[in-house]
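J.: what would the 3D arrangement of this be:
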Amino acid sequence: DSQWTAVEELLREFFAENTPAAANGKASVDHAIKLLCVVLPMKRVSTVQYEFKKAKVLRKRAAKEGGVDVGMFVTLFKIMFNFPPMEALFHRFAKASPDTMTIIEFKNFLRKEQKLRDGAENVLNCLYTLSSHKLDERDTHVIEARRVFGAYVGITRDGTLTVAGFVTFLFSAMNAVFNPKHLEVYQDMDKPLNCYWIDTSHNTYLEGDQLRSASTAEAYKKCLLAGCRCLELDLWDGPDNDPVIFHGHTLTPKVRCYEVLKAIQKHAFEVSSFPVILSLENHLSLEQQTIFARWCEEIFGDALVTSVGPNADKFWDRDPSDLASPASLAHKIIIKNKAHSSRVPSDSDKMTKKVAKPLSDHVVYTRAVHFQSFAASDSSARCYDMSSFAEKKGYKMVNKKGADYLAYGHRQLSRIYPHGMRFDSSNYDPLPFWNCGVQMVALNYQTPDRPMQLNSAKFRTNGHSGYVLKPPALRDNSHTGALPFLTLTIELICAHELGRPASLKRRVPDPFVEVEVAGLSSRVMKSGTVKKNMIRPEWNEAFTFEVAVPEAAILRFVVMDEKVGSKDPIGSYGIPVDSLMPGYRVVPLTRQLGFAQFRTLGEASLFIKVSVEGKGQIPDSFLGSA
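T.: Numbers count the residues shown, from 1 in each chain. Below is the predicted model of the structure:
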């Protein structure tokens, strides 16, 4: 086959250089498998071993002749290099030669299909690095280039790209479906806090269910390291004036407040520099509130936002119309609690004497107030007033007064939390609240259900900072007229190295894929089922979605076995629509665990084509409707 001429030459060189001279040109089976894994980085070791086992004729010959010679090695590579859709794509652009793609042809592919202009330079630099006749294998540029185009068989001596190098590139991180610019903070972080969705946890201290599971300081660490920026502390009087945190009136054990505050202080800014908000459910006596306030001062030091002392923030004194920004509050800890009536006498209806003044002094940007009505908030609320709503009341407000709730979010923060009967720590659907501009949608982080998968996808962008800027229509009153709208087409081509769901012991799965766009306009579509194929099932199906306000939409893939279904998915992946890269991309499949952690599934992935067309507009009356 003429497509192999260049690859075969490189394979023979690679085999000769990496086979001991004393072995008479033969490699042991184990060594041959190791070498195959080097030149097939997109394959699992277990798959290479399995495919070698299936090649009975070659296996018997290797056993008979005392090893694998170069001819067998090349044949094994050809058998295992089985990526028809990607190979067909290579041949569409490789016109000058059947076995290599010129740099000009590769540039054409990057420009025409991948829509790469700025980013093409990084890719091409890797190609140029491997075109050098003298390579220093310790050079970091060479190491990086090998990750992109593969080891030894991707680039020829004259700098052209082999089919192996092209396929390896498609699987590489440099061809990721997630926009690499969005791995960093790229949004404007100087707008008021209420202009952002904020990654928020409910009953952060719990490791499991709401009735009996452990309360730990470790849970706060896990949430912070997952990017969470708003943590909940249920505060209760402890023995010997030692405040504790636990789920009141249940069998959950208690954890010392002091331990939790220390854990927060240690891990608050490891993942994100933007402010951490501590949402207090305060059942403490005045005496223990004072102790808690003192601990906050001692442990957080200058990071604590406070209205008193040498670092006093006199925000209230300025009678502000807008909240401070995440950028201006970087590396700060913000307390959300009620305030003492002595703070602002004219606001005494929003204050209480049941709050210890030392704790009240630390309430600056997030004063907890009782919600009366949207009209009352509109006429008298301060920008630093915020209310929390149980999910049922929240849904009612969204469904019956969606436009009012949207306008409310233009002025101030609010928070939604799960219904008290969710004893199993399950989660509600966050989408209606995000769509209405609610900033803090508190979820049970320990539960890896669909709502938490959506949450993980939403906050994957903007450098995983826990703050995502809402689109103009959801963040301020100045937006008038039409809303952005686009047509998104996902071509589901094939999957790669799927593996089995945990519940399938031996049976080869029958995979299908659910493709969902979740946002202001939501839709779920389902592929056909491919029978008994986990190595490389092919679909070649296209799914088209009309997406309103793409900055608020999430694209989600779930791969399932036909019989097992959603109870035990093979793998999934979620991404903000705004962070999608166009063209032919590989989607890495993961299994979501508790606390927004993911288990990577090795090389398991989907091969797709992303097309975005017709960025248009729809009427803004679409907003605030159920």
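
J.: so what's the nearest residue to residue 512 once chain neighbours are set aside up against?
T.: Taking Cβ to Cβ, 6 or more residues apart in numbering as the measure, residue 512 lies nearest to residue 529, with 4.4 Å between them; neighbours along the chain are not counted. (Each C-beta comes from the backbone N, C-alpha and C, glycine too.) With contact set as Cβ atoms under 8 Å, 6 or more residues apart in numbering, residue 529 has these partners: 510, 511, 512, 562.

J.: now list the buried members of the residues you listed.
T.: Members of these that pass the buried threshold by neighbour count (16 or more other Cβ atoms under 10 Å) are listed as 510, 511, 512.

J.: just the endpoints, please. Distance across stretch 196-206?
T.: One end of stretch 196-206 sits 26 Å from the other (Cα to Cα, to the nearest Å).

J.: and stretch 576-584, by the same measure?
T.: Stretch 576-584 stretches 17 Å from its first residue to its last (Cα to Cα).

J.: all helices of the stretch 401-550 of the chain, in order?
T.: If you assign secondary structure with DSSP state H, counting those that start in this stretch, the helices in the stretch 401-550 of the chain sit at 431-435, 450-458, 472-475.

J.: dump the C-alpha coordinates for the shortest one into CSV.
T.: I take that to be helix 472-475. Coordinates of each C-alpha in helix 472-475 appear next as CSV, following Å, rounded to 0.1, in the frame of the first residue of the first chain:
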residue,chain,number,x,y,z
PRO,A,472,-24.7,41.0,28.3
ALA,A,473,-28.4,40.1,28.2
LEU,A,474,-28.1,38.3,31.6
ARG,A,475,-26.0,40.8,33.4
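
J.: in it, what counts as buried?
T.: Within helix 472-475, the residues that qualify as buried are 473, 474, 475, counting by 16+ other Cβ under 10 Å.

J.: that older thread, in CSV, list the buried ones among the contacts of residue 529 along with pLDDT and distance to residue 359.
T.: Output for these, formatted as CSV (pLDDT from 0 to 100; distance: Cβ to Cβ, whole Å):
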residue, pLDDT, distance to residue 359
510, 94, 58
511, 95, 54
512, 97, 54
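
J.: residues near residue 230, how many?
T.: Residues contacting residue 230 under the criterion other Cβ atoms under 10 Å number 26.

J.: just the pLDDT at it, thanks.
T.: We have a pLDDT of 98 for residue 230.

J.: skip the chain neighbours and tell me the closest residue to residue 172.
T.: For residue 172, ignoring the flanking residues on the chain, the nearest one in space by Cβ to Cβ, 6+ apart is residue 148 at 4.7 Å.

J.: what number of residues lie near residue 266?
T.: Residue crowding around residue 266 was assessed by other Cβ under 10 Å; the count is 14.

J.: my error: substitute residue 370 in the last question.
T.: Residue 370 is surrounded by 10 other residues when neighbours are defined as other Cβ under 10 Å.

J.: that one belongs to a strand?
T.: No. Under the criterion used here (DSSP: H, G, I helix; E, B strand; the rest coil), residue 370 is coil, not part of a strand.

J.: which residues does the nearest residue to it once chain neighbours are set aside contact?
T.: Computed as Cβ to Cβ, 6+ apart, the closest residue to residue 370 that is not its neighbour in sequence is residue 387, at 7.0 Å. When contacts are counted by Cβ under 8 Å, 6+ apart, residue 387 is found next to 368, 369, 370, 371, 414, 415.

J.: which pair of these spans the longest distance?
T.: Greatest spacing in these, by Cβ to Cβ: 370 and 415 (13.6 Å).

J.: now the helices for the stretch 201-350 of the chain?
T.: With DSSP H, counting those that start in this stretch, the ranges of helices along the stretch 201-350 of the chain come out as 218-225, 257-267, 286-300.

J.: right, and the ones you listed - which one's nearest residue 447?
T.: When the helices of the stretch 201-350 of the chain are ranked by distance to residue 447, counting by Cβ to Cβ, first place goes to helix 218-225 at 12.4 Å.

J.: element containing the residue nearest to residue 370, please.
T.: Per DSSP states H and E, residue 387 falls inside strand 385-390.

J.: and what of residue 608?
T.: Using DSSP H and E, residue 608 sits within strand 598-619.

J.: likewise residue 395?
T.: Per DSSP H and E: residue 395 is located in helix 391-411.

J.: repeat for residue 573
T.: strand 571-576.

J.: residues touching the spatially most central residue of the chain, list them.
T.: Computing the C-alpha centroid of the chain and ranking residues by Cα atoms, centre = their mean puts residue 460 first, at 3.3 Å. Residue 460 makes contact with 178, 182, 574, 575, 576, 579, according to Cβ under 8 Å, 6+ apart.

J.: and if you look at residue 82?
T.: residue 536.

J.: in strands, which of the contacts of residue 529 fall?
T.: Secondary structure assignment by DSSP state E places 511, 512 of the contacts of residue 529 in strands.

J.: closest to residue 43 among the contacts of residue 529?
T.: Minimum distance to residue 43 across those is 18.2 Å, recorded for residue 511 (Cβ to Cβ).

J.: doesn't residue 561 make contact with the closest one?
T.: Yes. Here residue 511 reaches residue 561: they are 6.3 Å apart, a contact under Cβ atoms under 8 Å.

J.: shared neighbours of these two, anything?
T.: By Cβ under 8 Å, 6+ apart, the residues touching both residue 511 and residue 561 are residue 570.

J.: circling back: out of the buried residues of helix 472-475, who's nearest residue 361?
T.: Proximity to residue 361 was ranked across these by Cβ to Cβ; first place goes to residue 475, at 30.2 Å.

J.: how near is residue 293 to residue 143?
T.: Relative to residue 143, residue 293 is positioned 52 Å away (criterion: Cβ to Cβ, to the nearest Å).

J.: mind checking which of these two has more residues around it?
T.: Summary of the neighbour comparison: residue 293 and residue 143, criterion other Cβ under 10 Å, with residue 293 having more neighbours (23 against 13).

J.: can you give me every residue that contacts that one?
T.: Shown in contact with residue 293 (Cβ under 8 Å, 6+ apart): 356, 358, 359, 361, 362.

J.: what about it, distance to residue 356?
T.: The span separating residue 293 from residue 356 equals 7 Å under the rule Cβ to Cβ.

J.: contacting residues around the closest residue to residue 489 other than its chain neighbours?
T.: The shortest distance from residue 489 to any residue other than its chain neighbours is 4.3 Å, reached at residue 611 (Cβ to Cβ, 6+ apart). The neighbourhood of residue 611, defined by Cβ under 8 Å, 6+ apart, consists of 488, 489, 490, 491, 582.

J.: among those, which one is most surrounded by other residues?
T.: Counting neighbours by other Cβ under 10 Å, residue 490 leads those with 24 neighbours.

J.: that one touches residue 608, doesn't it?
T.: Yes. In terms of Cβ under 8 Å, residue 490 counts as a neighbour of residue 608; the distance is 5.7 Å.

J.: so who does the spatially closest residue to residue 411 that is not a sequence neighbour touch?
T.: Spatial nearest neighbour of residue 411, excluding adjacent residues (Cβ to Cβ, 6+ apart): residue 383 at 6.1 Å. Taking Cβ under 8 Å, 6+ apart, we find residue 383 in contact with 192, 194, 320, 321, 322, 323, 411, 412.

J.: count of neighbours near the fifth one?
T.: Yep, that's residue 322 we're talking about. When counting by other Cβ under 10 Å, one arrives at 14 neighbours for residue 322.

J.: mind listing what it touches?
T.: Under the contact definition (Cβ under 8 Å, 6+ apart), the residues listed for residue 322 are 192, 383.

J.: any idea how far it is from residue 454?
T.: Residue 322 sits 29 Å away from residue 454 when distances are taken as Cβ to Cβ.

J.: try the second one
T.: Separation of residue 194 from residue 454 (Cβ to Cβ): 21 Å.
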